[in-house]
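**Q** Task: produce atomic coordinates for the following.
(one chain, ligands or ions: 2)
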Amino acid sequence: MYLADTIVAPATPPGSGAVAIVRLSGPRAIEIALELWRPLRAGAAARAARVLRLGEIRDPASGAPIDRALLAIFPAPNSFTGEHVAELQCHGGRYLVRRIVALAAGRGARPAEPGEFTRRAFLNGRVDLTEAEAIADLVSARGDAALGQALEHLSGALVRRVEGLRHQTIALRARLEAEIDFADEDISLPSRADFTRAIDALGADLRALLDTFRRGRIVRDGARAAIIGKPNAGKSSLLNLLLGSDRAIVTPIPGATRDVIEEAVALGPIPLILADTAGLRPGADPVESIGIERARRAAASADLLIAVFDGSRPFDSDDAEVIALAAGRRGLALLNKRDLPPRLAAEELRARGLTLPVTDFCALADDQLDALRARLAELVATLAGDPDPDFARVTISRERHRAALDSALAALAEARASAVAAMPPEIVAVDIAAAAEALGAITGVVATEDILDLIFREFCIGK
Ligand SMILES: Nc1nc2c(ncn2[C@@H]2O[C@H](COP(=O)(O)OP(=O)(O)OP(=O)(O)O)[C@@H](O)[C@H]2O)c(=O)[nH]1
Ligand SMILES: [Mg+2]
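**A** Residues are numbered from 1 along each chain as shown. Ligands and ions are numbered 1, 2, ... in the order given. All right, here's what the predicted structure looks like:
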C-alpha cells in the first residue's frame, strides 16, 4: 500500500449504462483529472470544489476527443478517502470506461486494488473498520433489515459501542497500574474483590454484545433453510413453488437433484436462502452419494429445516434418517402429495419421533403457498429474535466481530482467574491488555496488515 501514489478505477460496475464514474484518489488525482478533462465553457472555474462541471475528455497525447463528461473534485481532506479525489462521470460504455482509466494511468495513476479506496479512507481515519465493512454490507444488502443494520454500522453505532467497552477494559488496567506503582507504599487500594466484580460486569456487557451475533448474521446474510427428504418426495417441486420459477429439475425419477441448489426468497425484511438438496438414501451411485453428503452438511449448517415427506408412500428407513436429522432442530415438516391416496399419516411421523410441526401439503398446487410463506417468515423472524431494547440495538454481524469478542472474553476470564489466585498485578495486566487489544481489532484501533487484507479482499475494485 503506497499512500503516496494516486489510484484510479471505475466506481461503477462494468457493462453498459447511462453513466459510469471513474474515480481517482491520491496526491495527483485532481491534477491528472484536469489533464484529461477541460470545461466546455471557457472561463468556467475548473477547480471549484464539490460541484459538477460539464466538460470534455480528450486524449492528452493526441488531443482526440473521447467523451463528454462531468467532473467533480473533492480536495483533501474533505473527501471519501481523505485524499484529493476526482470523479469523472462519463457515459457508461465498457470500452469508454477502460479508455478513460487507461488515459489516467498514462498520466501516472495506478489502477486501484479491490477495496483500496475504502482502505485509504480507513488509513486516513475517515472510517473505522466497522464502518468500512458497513459499506460492503450496504452494497450487498438483500433486504430492508440488512440495509438498516448496515446504515446503523455506517453511522458509527458499533464502533461507539466497542470503543466504550475497550475504554472500560483499559480502565481496569489503570487500576492495576496503581497497584503496581504503589506496591511498596501503605495506601489503601481497591480490593481484588472489587476488581473481579468490575471484570464480571464488563464480561456481561461483552457477552450481551456477543449474543447479538445470531440476529446480526441473519439480518446481514439472510436465514438459511435446507429442504431435506428422501428421493422423489417433492423437495425440488417445493423450491420451485416458493421461487415461482422452474429453478430445479423435477422428474418422477428418484435421485434427480444431486448438488445443493441455493436461491433466496424475499418473505419479509430478512431474506430466506433456500437450499434444495439431494434425496437422502443409501446405496446411491458415487455422484449422487457426494450430493447426499452435501445434503447432510447443508442440513447441519442451516438455521431452519424444511423436511419433506412423501405422503403417497409408506414410511421407510430413508424417512427415518430425515427424522433423525431433524431431531431438536427448528423448522417445519410437510407431508407432501396429499392429492394422492394417503399411505403415510402425520400421526405416524410423530410416533416415529418427528418433532417438527407437520402440515399436509401438495407441491403441485399453489393454494397453500401464501400460508407456507407466512409460516416461514414467522420462523425467520423468531430466529432473528427481536432487537434487545435494553441494549441500544447495536448488533455484531460478522464472524470477525464474534471471534474478537470471544477472545476478549477468554482473556478477561484469564485475568479474573489470576486476580482470584492473588497473582501479582503485572500478570493480571497482561490478560487485561490482551482483552483490550482484541476489542481494538474490531474497530481497527489495532489492525495488522493481515486483518486489513482479509477485510478489503471482499471488496470489489473501485470501492
Ligand atoms: N401428485 C403429486 N406429485 C408431486 C407432488 N410434489 C412433487 N410431485 C412429483 O413427484 C416427483 C418428484 O418431485 P421432485 O420435486 O423432483 O422430488 P425431489 O424430492 O426433488 O426428488 P429428488 O431430487 O430425486 O430427491 C415429480 O414427478 C413431481 O412432479 C405433489 O404434491 N403431488
Ligand atoms: Mg430434487
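
**Q** which SS class is the residue of the stretch 1-150 of the chain found nearest ligand 1?
**A** Going by Cβ to the nearest ligand atom, ligand 1 is nearest to residue 142 of the stretch 1-150 of the chain, at 25.0 Å. C-beta: built from backbone N, CA, C; applies to glycine. The three-state assignment at residue 142 reads coil, by DSSP: H, G, I helix; E, B strand; the rest coil.

**Q** OK, contacts around it?
**A** Residue 142 makes contact with 222, 264, 266, 271 under the criterion Cβ atoms under 8 Å, 6 or more residues apart in numbering.

**Q** Farthest-apart pair in the residues you listed, please.
**A** Put simply, by Cβ to Cβ the two of these set farthest apart are 222 and 266, 9.3 Å from each other.

**Q** Please report how far residue 88 lies from residue 27.
**A** The gap separating residue 88 from residue 27 is 18 Å, by Cβ to Cβ, to the nearest Å.

**Q** for residue 172, same thing?
**A** Spatial separation of residue 172 from residue 27 under the definition Cβ to Cβ is 43 Å.

**Q** the more surrounded of those two?
**A** Under the neighbour definition other Cβ atoms under 10 Å, residue 172 and residue 27 were set side by side, and residue 172 has more, 21 against 14.

**Q** In contact with the more buried one, which residues are there?
**A** Contacts here follow Cβ under 8 Å, 6+ apart; on that basis residue 172 touches 195, 198-199, 202, 415, 432.

**Q** Could you say which helix or strand holds residue 334?
**A** Using DSSP states H and E, residue 334 sits within strand 331-336.

**Q** Please see if that strand touches ligand 1.
**A** Yes. Applying Cβ under 6 Å from any ligand atom, one finds strand 331-336 touching ligand 1 at residue 336.

**Q** anything in that strand near ligand 2?
**A** No. Counting by Cβ under 5 Å from the ion, no contacts exist between strand 331-336 and ligand 2, the nearest distance being 11.9 Å.

**Q** tell me how far that strand is from the chain's mean position?
**A** Between the mean C-alpha point of strand 331-336 and the mean C-alpha point of its chain there is a distance of 30 Å (Cα atoms, centre = their mean, to the nearest Å).

**Q** And stretch 136-156, by the same measure?
**A** Distance of stretch 136-156 from its chain centroid, counting by Cα atoms, centre = their mean, is 9 Å.

**Q** got the CA coordinates for that stretch in PDB?
**A** Written as PDB, here are the backbone C-alpha positions of stretch 136-156 (Å, rounded to 0.1, in the frame of the first residue of the first chain):
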ATOM      1  CA  ALA A 136     -19.600  -3.600   1.800                       C
ATOM      2  CA  ASP A 137     -22.800  -4.600   3.600                       C
ATOM      3  CA  LEU A 138     -24.800  -1.800   2.200                       C
ATOM      4  CA  VAL A 139     -23.800  -2.800  -1.300                       C
ATOM      5  CA  SER A 140     -24.600  -6.500  -0.800                       C
ATOM      6  CA  ALA A 141     -27.800  -6.000   1.200                       C
ATOM      7  CA  ARG A 142     -30.700  -8.100   0.100                       C
ATOM      8  CA  GLY A 143     -33.400  -6.700   2.300                       C
ATOM      9  CA  ASP A 144     -34.500  -3.800   4.400                       C
ATOM     10  CA  ALA A 145     -33.300  -5.300   7.600                       C
ATOM     11  CA  ALA A 146     -29.800  -5.700   6.100                       C
ATOM     12  CA  LEU A 147     -29.900  -2.100   4.900                       C
ATOM     13  CA  GLY A 148     -30.900  -0.800   8.300                       C
ATOM     14  CA  GLN A 149     -28.200  -2.700  10.100                       C
ATOM     15  CA  ALA A 150     -25.500  -1.600   7.600                       C
ATOM     16  CA  LEU A 151     -26.600   2.100   7.900                       C
ATOM     17  CA  GLU A 152     -26.500   1.800  11.600                       C
ATOM     18  CA  HIS A 153     -23.000   0.500  11.500                       C
ATOM     19  CA  LEU A 154     -22.100   3.100   8.900                       C
ATOM     20  CA  SER A 155     -23.300   5.800  11.300                       C
ATOM     21  CA  GLY A 156     -20.800   4.500  13.900                       C
END
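
**Q** residues of it that come out buried?
**A** Of the residues in stretch 136-156, those scored as buried under the neighbour-count criterion (16 or more other Cβ atoms under 10 Å) are 136-137, 141, 143, 145-146, 149-150, 152-154, 156.

**Q** buried set for stretch 373-384?
**A** Neighbour counts over stretch 373-384 (16+ other Cβ under 10 Å) mark 373, 376-377, 379-381, 383-384 as buried.

**Q** so how far is residue 243 from the residue most central in space within the chain?
**A** In the chain, the residue lying closest to the centroid (Cα atoms, centre = their mean) is residue 220, at 5.0 Å. As judged by Cβ to Cβ, residue 220 and residue 243 stand 22 Å apart.

**Q** Toward the C-terminus from the strand holding residue 334, list the very next helix or strand.
**A** In N-to-C order, the element after strand 331-336 by DSSP H and E is helix 346-351.

**Q** List of residues touching that following helix?
**A** For helix 346-351, the external contacting residues (Cβ under 8 Å, 6+ apart) are 309, 315, 319, 323, 333, 335, 358, 360.

**Q** Equivalent analysis for stretch 246-254, please.
**A** Where contact means Cβ under 8 Å, 6+ apart, the residues beyond stretch 246-254 that reach it are 230-232, 236-237, 239-240, 256-257, 261, 263, 276, 279, 281.

**Q** Any chance of JSON lines for those, columns pLDDT, secondary structure and distance to residue 84?
**A** Listed next are those as JSON lines, based on pLDDT from 0 to 100; DSSP: H, G, I helix; E, B strand; the rest coil; distance: Cβ to Cβ, whole Å:
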{"residue": "230", "pLDDT": "97", "secondary structure": "coil", "distance to residue 84": "63"}
{"residue": "231", "pLDDT": "97", "secondary structure": "coil", "distance to residue 84": "62"}
{"residue": "232", "pLDDT": "97", "secondary structure": "coil", "distance to residue 84": "64"}
{"residue": "236", "pLDDT": "97", "secondary structure": "helix", "distance to residue 84": "55"}
{"residue": "237", "pLDDT": "98", "secondary structure": "helix", "distance to residue 84": "58"}
{"residue": "239", "pLDDT": "98", "secondary structure": "helix", "distance to residue 84": "51"}
{"residue": "240", "pLDDT": "97", "secondary structure": "helix", "distance to residue 84": "53"}
{"residue": "256", "pLDDT": "94", "secondary structure": "coil", "distance to residue 84": "58"}
{"residue": "257", "pLDDT": "95", "secondary structure": "coil", "distance to residue 84": "54"}
{"residue": "261", "pLDDT": "96", "secondary structure": "strand", "distance to residue 84": "48"}
{"residue": "263", "pLDDT": "96", "secondary structure": "strand", "distance to residue 84": "44"}
{"residue": "276", "pLDDT": "98", "secondary structure": "strand", "distance to residue 84": "51"}
{"residue": "279", "pLDDT": "96", "secondary structure": "coil", "distance to residue 84": "60"}
{"residue": "281", "pLDDT": "94", "secondary structure": "coil", "distance to residue 84": "64"}
